[in-house]
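**Q** dropping a prediction and its sequence here:
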Amino acid sequence: MIFSVDVVQFNVMFISKALKRWIFGLFFFVVLALPVAFSFYKYYYTKDYNYLIEVECDPALDNCFYRDCTNPDDCPPGGLSVYKKYYIKAYDFTKCSDNSCGEKCSGGTIKCEPIECGISAEDTCTVFPDSQQ
């Protein structure tokens, strides 16, 4: 009988260790897989993030951002020195082709959120005197 009790205790301990390993493995898998699955769903499947785009701006009509492009290294590849900024959803960005986002934003084809110049302290804006004064 003593032999059978020791065997039963050994089996219970072995099952307990195996169960602990299985629970730990499952927990470890969930901790790693859940963020990966969530990120895949949010950023790849639903494309729930924004792009910041810069489009040409007419300073006579709008309050525009300004950057000095005398040094080509200070400007992005588009070379815009006077521009407007918009936030656009990633799923709408695929509708733009060949820098047509500005036209589609102003035309209302896609939903864009304009960023006003002068909200942040480091913004440099174009300011022209009012022609009616």
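**A** Okay, I see it. Numbers count the residues shown, from 1 in each chain.
**Q** quick check: F24 is in a helix.
**A** Yes: when the secondary structure is assigned by DSSP: H, G, I helix; E, B strand; the rest coil, F24 falls within a helix.
**Q** let the chain start at 57 from now.
**A** Renumbered: residue one is now 57, and that last one reads F80.
**Q** do you know the pLDDT at the residue nearest the centre of the chain?
**A** Relative to the mean C-alpha position of the chain, the nearest C-alpha, by CA atoms, centre = their mean, is the one of Y105, at 4.0 Å. As predicted, Y105 sits at a pLDDT of 87.
**Q** for the closest residue to it other than its chain neighbours, what are its contacts?
**A** With CB to CB, 6 or more residues apart in numbering as the measure, A146 is the residue that lies nearest to Y105, at 5.2 Å, once sequence neighbours are left out. For glycine as for every other residue, the C-beta is placed from the backbone atoms N, C-alpha and C. By CB atoms under 8 Å, 6 or more residues apart in numbering, A146 lies in contact with 103-107.
**Q** mind checking which of those are in strands?
**A** 106-107 (DSSP state E).
**Q** CA atoms only for stretch 73-92, dumped as PDB, please.
**A** Output in PDB follows, covering the C-alpha atoms of stretch 73-92 (Å, rounded to 0.1, in the frame of the first residue of the first chain):
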ATOM      1  CA  LYS A  73       3.700  20.300 -12.900                       C
ATOM      2  CA  ALA A  74       2.300  19.500 -16.400                       C
ATOM      3  CA  LEU A  75      -0.800  21.600 -15.700                       C
ATOM      4  CA  LYS A  76       1.300  24.500 -14.500                       C
ATOM      5  CA  ARG A  77       3.500  24.400 -17.600                       C
ATOM      6  CA  TRP A  78       0.400  24.300 -19.800                       C
ATOM      7  CA  ILE A  79      -1.200  27.200 -18.100                       C
ATOM      8  CA  PHE A  80       2.100  29.200 -18.200                       C
ATOM      9  CA  GLY A  81       2.500  28.300 -21.900                       C
ATOM     10  CA  LEU A  82      -1.000  29.400 -22.700                       C
ATOM     11  CA  PHE A  83      -0.600  32.600 -20.700                       C
ATOM     12  CA  PHE A  84       2.700  33.300 -22.500                       C
ATOM     13  CA  PHE A  85       1.100  32.700 -25.900                       C
ATOM     14  CA  VAL A  86      -1.800  35.000 -25.100                       C
ATOM     15  CA  VAL A  87       0.500  37.700 -23.800                       C
ATOM     16  CA  LEU A  88       2.400  37.600 -27.100                       C
ATOM     17  CA  ALA A  89      -0.300  36.800 -29.600                       C
ATOM     18  CA  LEU A  90      -3.000  39.200 -28.400                       C
ATOM     19  CA  PRO A  91      -1.000  42.500 -29.100                       C
ATOM     20  CA  VAL A  92       0.200  41.100 -32.400                       C
END
